[in-house]
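Novice: kindly generate the corresponding structure for this input.
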Amino acid sequence: MLSFRDAPADDTRKVRTAVLGGSEGKVPVFLPYDKRSAGELRDLHGRDAFCCGVLLGGCGEILTLRASAEKKSHFAHRPPATCQRISAGEDSADHLYIGEALREWLASLGQKPAKSEYIQQRSGPWDAVRVRFGKAGEQRAVHVQMAGMAYKDWEEFAAQDVKQTNVLRAYGPDSGLPVHECRLSDYALRFACETRQGTRAVLIGTQFLVVPAGEHMVEWASLQECRIARVGIVTPALRETPEGLRPKRTGTVSVPNGAARTSGEPVAEPGRVPTRGQGMAMAIKEVSRPRSCELSDGVAVSYARVRVALRSLGRQYSSMREHGRAQEAFEAARGFSDHTDATRGLSKWLRQDLLR
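Specialist: As a prediction, the model looks like this:
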């Protein structure tokens, strides 16, 4: 892939995103193509306000906004261009848009202070977004995993939920991980952006499995339609239960093809962000939900989560050559299924290590 280092000194590449607030800025800017909107953006912030931010993988230098009627408006590096930024398209600042949208939403709900962080795991600071909120001693966080990871690494990531209930997990559009999350929690939260009215609008999706079709469906909403609760982010597609948040699936309504679907079920297209009003109606049935147990402090944890955590412990014991404990952890994990509780069979030390 061509980087700006390979570009000519007079940079001709069409950069669509920048940041405000200097090279370390977190406030993203999306540049519309049309000349009038681009010119208004330049007049609003000033000619030297836009930077190729380091959180975009950029060089931190000031960008020139070129508003044009003949060509597509774009940001350009001032010569000589030596930037190594790889992604410059309309989605190249989506991690910043998601982080800022979450921070502003949480602050609007009185969850202050709210602070966004951008975590480099392998590729760059767009790999993960974490927004911390709440007072000292009561702090929580929303973690949006943007980048993909191996299943083994994801199990380690998910296992932390047994011990660290103050982190709320969600996923970006290209992580490929919500399917695994649905097995643990019966649903997964996703974030995505789409271009609307000259900016990038942030949407939150609730993904779950529809049976008997066997497809994963996503219902999209705005953050303003959601609320925060002790158990997590409550979207319009979720309801609070004694076992935590679960998709709304009660009653039936008729659909045009004569089939029945559950009331509250989204009529939404699988996969990518649907245009509002579009979608598909499908015959679905009530899905049995993963049951949960209490390890301590009255916190409900699904059997699937305990199984993942036990596997993680088993790998840790193996790496420390504690093969007896590793074998016990793996055998205990095999005793759990999505609907089978093997908590009573856990030894005291194994239960303690799960919560350590």
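Novice: what ranges does the stretch 101-250 of the chain have for its helices?
Specialist: Along the stretch 101-250 of the chain, counting by DSSP state H, counting those that start in this stretch, helices occupy 151-163, 178-185.
Novice: now the end-to-end length of stretch 189-208.
Specialist: 9 Å (C-alpha to C-alpha, to the nearest Å).
Novice: hang on, I meant stretch 238-246
Specialist: 5 Å.
Novice: for the record, mean pLDDT for stretch 39-53?
Specialist: Averaging pLDDT along stretch 39-53 yields 95.
Novice: so which of the helices of the stretch 101-250 of the chain is the most packed in?
Specialist: Neighbour counts (mean count of other C-beta atoms under 10 Å) averaged over each of these peak at helix 178-185, with a mean of 20. No exception for glycine: its C-beta is placed from N, CA and C like everyone else's.
Novice: who are the packing partners of that one?
Specialist: helix 151-163, strand 167-171, strand 188-196, strand 199-210, strand 215-221, helix 303-319 (3 or more C-beta pairs under 8 Å, 6 or more residues apart in numbering; DSSP states H and E).
Novice: what do you get if the cut-off is 10 Å, keeping everything else the same?
Specialist: Judged by 3 or more C-beta pairs under 10 Å, 6 or more residues apart in numbering; DSSP states H and E, the packing partners of helix 178-185 are helix 151-163, strand 167-171, strand 188-196, strand 199-210, strand 215-221, strand 244-247, strand 300-302, helix 303-319.
Novice: Throw these into JSON lines and include distance to residue 18 and mean pLDDT, thanks.
Specialist: Formatted as JSON lines, the helices and strands packed on helix 178-185 follow (distance: least, C-beta to C-beta, whole Å; pLDDT from 0 to 100):
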{"stretch": "helix 151-163", "distance to residue 18": "31", "mean pLDDT": "71"}
{"stretch": "strand 167-171", "distance to residue 18": "26", "mean pLDDT": "92"}
{"stretch": "strand 188-196", "distance to residue 18": "16", "mean pLDDT": "94"}
{"stretch": "strand 199-210", "distance to residue 18": "13", "mean pLDDT": "90"}
{"stretch": "strand 215-221", "distance to residue 18": "27", "mean pLDDT": "87"}
{"stretch": "strand 244-247", "distance to residue 18": "37", "mean pLDDT": "87"}
{"stretch": "strand 300-302", "distance to residue 18": "43", "mean pLDDT": "61"}
{"stretch": "helix 303-319", "distance to residue 18": "40", "mean pLDDT": "68"}
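Novice: worst-scoring helix or strand of the chain, pLDDT-wise?
Specialist: strand 252-254 (a mean of 30; mean pLDDT, DSSP states H and E).
Novice: excluding chain neighbours, what is closest to residue 65?
Specialist: residue 42 (4.7 Å; C-beta to C-beta, 6 or more residues apart in numbering).
Novice: cool, residue 173 as well?
Specialist: Nearest one to residue 173, counting by C-beta to C-beta, 6+ apart, is residue 192 at 4.5 Å.
Novice: OK, contacts around the one you found?
Specialist: 91, 94, 98, 171-174, 200-205, 218, 220, 272-273 (C-beta atoms under 10 Å, 6 or more residues apart in numbering).
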